[in-house]
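Student: here is my input, please return the structure:
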Amino acid sequence: MVYNGHPEGAVEEGIALFNETLLASTEREDHSASASAANEDMTDEELAASMAAEGDQYDELPQYRLTGFTFFDREARVLPFYADIIESGRELNMSGYVKPITDDSPLIDGGVAMFTETGVVGWWVAGFDGGEKHVIGVTTEAAHYYLTEPSELYEPFMVDIDTKVFISKAIIEHLIDQNACGEEISYEDLLLAIEERTTPRNVEKITAEAVVKHADFIVSQVRLI
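Tutor: Numbers count the residues shown, from 1 in each chain. Below is the predicted model:
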């Protein structure tokens, strides 16, 4: 799949983040105060993601939302950010529309069109705490971004990772609940726990075949708890 170019009017990330709209929501000179104000309007899942990002060299970075996004490499190939590309040291860039952390609309209206040139340094998932939704985000040298809605071109990749994370979240939360009760857990119990959940709008009904297909990712997430 070939990257079809940056959004119209897009500027490099370092320029985009100094847009007046974004600066109004996150003061770069005093990020800690601004982050506290933003957190008051964030959901439990978003706060969990914020906490998950703490403890490393990027914990003081500002936080934004990114919608209409696409990830691509230097050869203009559209690639999944979650497929060990970043971990292997390969450069992966992104484009999309940056919005204040409190703006959870998937629409690009009001967003600042941007692209990166220095690469994404990490990605993360959170929200495995009983909340309704999971959170997926990425980090650059300049900021943390909560992913809201992909571009049409990138939609298939987000369906894939949302399916992986949805299954992982259902299994992890069920394991935690059952462990607290001291009850044994069967494979059939796990499948039932998944089937009872309402899938995100972009994820099809989960089958046993889907669980097997994404087993490696699910196991990697379970090992983290």
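Student: by mean pLDDT, point me to the weakest helix or strand of the chain.
Tutor: The weakest-scoring helix or strand in the chain, judged by mean pLDDT, DSSP states H and E, is helix 31-39 (a mean of 45).
Student: by contact count, what packs against whichever strand in the chain runs longest?
Tutor: Using DSSP state E, we find that the single longest strand of the chain is strand 63-72. Counting contacts by 3 or more CB pairs under 8 Å, 6 or more residues apart in numbering; DSSP states H and E, strand 63-72 packs against strand 93-100, strand 144-150. No exception for glycine: its C-beta is placed from N, CA and C like everyone else's.
Student: roughly how far does the residue nearest the centre of the chain sit from residue 207?
Tutor: By CA atoms, centre = their mean, the mean C-alpha position of the chain lies nearest to residue 136, the distance being 1.7 Å. Plainly put, residue 136 is 22 Å away from residue 207 if you go by CB to CB, to the nearest Å.
Student: so the residue lying closest to residue 11 once chain neighbours are set aside is in which element?
Tutor: Leaving out its chain neighbours, the residue that sits closest to residue 11 by CB to CB, 6 or more residues apart in numbering is residue 114, at 5.8 Å. Here residue 114, judged by DSSP states H and E, is contained in strand 112-115.
Student: ok, the next helix or strand after that strand: who's next to it in the sheet?
Tutor: Going down the chain from strand 112-115, the next helix or strand is strand 120-126, by DSSP H and E. Sheet pairing for strand 120-126, assigned by DSSP bridges, gives strand 135-140 (antiparallel).
Student: now do the strand it pairs with and strand 144-150, the angle between them.
Tutor: In terms of direction (axes from the mean of the first three to the mean of the last three CA atoms, to 10 degrees), strand 135-140 departs from strand 144-150 by 120 degrees.
Student: stretch 208-225 - what's its average pLDDT?
Tutor: Stretch 208-225 carries an average pLDDT of 90.
Student: also stretch 89-96?
Tutor: Stretch 89-96 shows a mean pLDDT of 96.
Student: need the contact partners of that stretch.
Tutor: Contacts to stretch 89-96, defined as CB atoms under 8 Å, 6 or more residues apart in numbering, come from residues 6-7, 10, 66-74, 79, 81, 85-86, 111, 113-120, 138, 151.
Student: select the longest helix from this structure.
Tutor: Longest helix of the chain, by residue count under DSSP state H: helix 155-181.
Student: and it, how far out from the chain's middle?
Tutor: Distance of helix 155-181 from the chain centroid (CA atoms, centre = their mean, to the nearest Å) equals 14 Å.
Student: and stretch 20-28, by the same measure?
Tutor: Centroid separation for stretch 20-28 versus its chain: 21 Å, with CA atoms, centre = their mean.
Student: in it, what's buried?
Tutor: Within stretch 20-28, the residues scored as buried using 16 or more other CB atoms under 10 Å are 22, 25, 26.
Student: contact partners for the nearest residue to the second one once chain neighbours are set aside?
Tutor: Right, the one you point to is residue 25. Nearest non-adjacent residue to residue 25, counting by CB to CB, 6+ apart: residue 100, 3.6 Å away. When contacts are counted by CB under 8 Å, 6+ apart, residue 100 touches 21, 22, 24, 25, 26, 38, 64, 65.
Student: reformat those as JSON lines; add distance to residue 169.
Tutor: Converted to JSON lines, the contacts of residue 100 look like this (distance: CB to CB, whole Å):
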{"residue": "21", "distance to residue 169": "32"}
{"residue": "22", "distance to residue 169": "30"}
{"residue": "24", "distance to residue 169": "33"}
{"residue": "25", "distance to residue 169": "28"}
{"residue": "26", "distance to residue 169": "28"}
{"residue": "38", "distance to residue 169": "24"}
{"residue": "64", "distance to residue 169": "23"}
{"residue": "65", "distance to residue 169": "20"}
